[in-house]
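In: got a predicted structure here, sequence first:
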Amino acid sequence: MNSNNNNNNNNNKLIIFVKNPVAGKVKTRIAKTMGDEGALQAYKELLSHTEQICSKTNADRIVYYGSHVEKDDLWKEKFYQKKCQEGRDLGSRMANAFKQELRADSSAILIGSDCGQLSTKILELAFRRLQKYDVVLGPTFDGGYYMIGMRTFIPELFETMAWSTEKVYPATLVRILLAGKSFCELPMLQDIDFEEDYLEWKKSLE
């Protein structure tokens, strides 16, 4: 039993999708202007931010790695379960994670590691909203989302979606409504995809 399960009577699951931090494999759009090493450094800073906000969240925390489980990294086994993403595209990988983590009487939230504005406060708010709504969504300014959470698994939210386009968020809303489910929107935040996003985030931290 991981110690991150302690004091968690409400059965909240926090799924964290991360990429293995390898130069040339992360933040490729940032790498176009900052180079592979600069992009890797930016990604490591985002990972550190994500770990800090997750560590304070009252939930079972599960880190899903992109290619393989890392040992002895910033996600300490004492506080995080570690697994590998499975699936041919982002949709199937997210769907598989929800299928694994959603059990009876539980709520699960899935986040990535690209959002410097995400906070513990917003994560806690999302879990509270899931007590009333079927789905919570955190939109980003580019038409995607930084978070999706649900109480029961809704497979159609992940099938044949045009991932990494501005169509993701509106298409997801339509599918939630077609499934007859209720949803709650969280604050709109900025994903960090380009050098200017990263520099703006760094400036905001000062």
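Out: Arrived safely, thanks for sending.

In: so what's the residue nearest the centre of the chain up against?
Out: Nearest residue to the geometric centre of the chain (C-alpha atoms, centre = their mean): Ile111, 1.0 Å. Neighbour list for Ile111: Leu14, Ile15, Ile16, Phe17, Thr50, Cys54, Leu118, Leu123, Tyr146, Met147 [criterion: C-beta atoms under 8 Å, 6 or more residues apart in numbering]. In short, each C-beta sits where N, CA and C put it, glycine included.

In: same question, Arg129
Out: Here Arg129 is in contact with Val136, Gly149, Cys184, Leu186 (C-beta under 8 Å, 6+ apart).

In: can you give me the buried ones in the top helix by length along the chain?
Out: The longest helix of the chain (DSSP state H) is helix 28-55. Neighbour-count burial for helix 28-55, counted by 16 or more other C-beta atoms under 10 Å, picks out 30-31, 34, 36, 38-43, 45-47, 49-51, 53-54.

In: next one: Arg175 from Ile53, what distance?
Out: 28 Å (C-beta to C-beta, to the nearest Å).

In: repeat that for Ile111.
Out: Distance from Ile111 to Ile53, by C-beta to C-beta: 9 Å.

In: next: His68.
Out: 24 Å.

In: how about the nearest residue to Glu156 once chain neighbours are set aside, what does it touch?
Out: Computed as C-beta to C-beta, 6 or more residues apart in numbering, the closest residue to Glu156 that is not its neighbour in sequence is Arg175, at 5.2 Å. Residues near Arg175 by C-beta under 8 Å, 6+ apart: Ile154, Glu156, Leu157.

In: work out for me the element Arg175 sits within.
Out: Following DSSP states H and E, one finds Arg175 within helix 168-178.

In: export that helix as PDB, just CAs?
Out: C-alpha atoms of helix 168-178 as PDB (Å, rounded to 0.1, in the frame of the first residue of the first chain):
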ATOM      1  CA  VAL A 168     -10.500  18.800 -29.300                       C
ATOM      2  CA  TYR A 169     -12.300  20.800 -26.700                       C
ATOM      3  CA  PRO A 170     -15.500  21.700 -28.700                       C
ATOM      4  CA  ALA A 171     -15.800  18.100 -30.000                       C
ATOM      5  CA  THR A 172     -15.400  16.700 -26.500                       C
ATOM      6  CA  LEU A 173     -18.200  18.900 -25.200                       C
ATOM      7  CA  VAL A 174     -20.500  17.800 -28.000                       C
ATOM      8  CA  ARG A 175     -19.800  14.100 -27.200                       C
ATOM      9  CA  ILE A 176     -20.500  14.700 -23.500                       C
ATOM     10  CA  LEU A 177     -23.900  16.100 -24.300                       C
ATOM     11  CA  LEU A 178     -24.700  13.400 -26.800                       C
END
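
In: toward the C-terminus, what is the element adjacent to it?
Out: On the C-terminal side of helix 168-178, the closest following helix or strand by DSSP H and E is strand 183-185.

In: packing partners for that following strand?
Out: Packed against strand 183-185 by the contact rule (3 or more C-beta pairs under 8 Å, 6 or more residues apart in numbering; DSSP states H and E) you find strand 135-139, helix 168-178.

In: please compute how far the shortest one lies from its chain's middle.
Out: This points to strand 135-139. Centroid separation for strand 135-139 versus its chain: 11 Å, with C-alpha atoms, centre = their mean, to the nearest Å.
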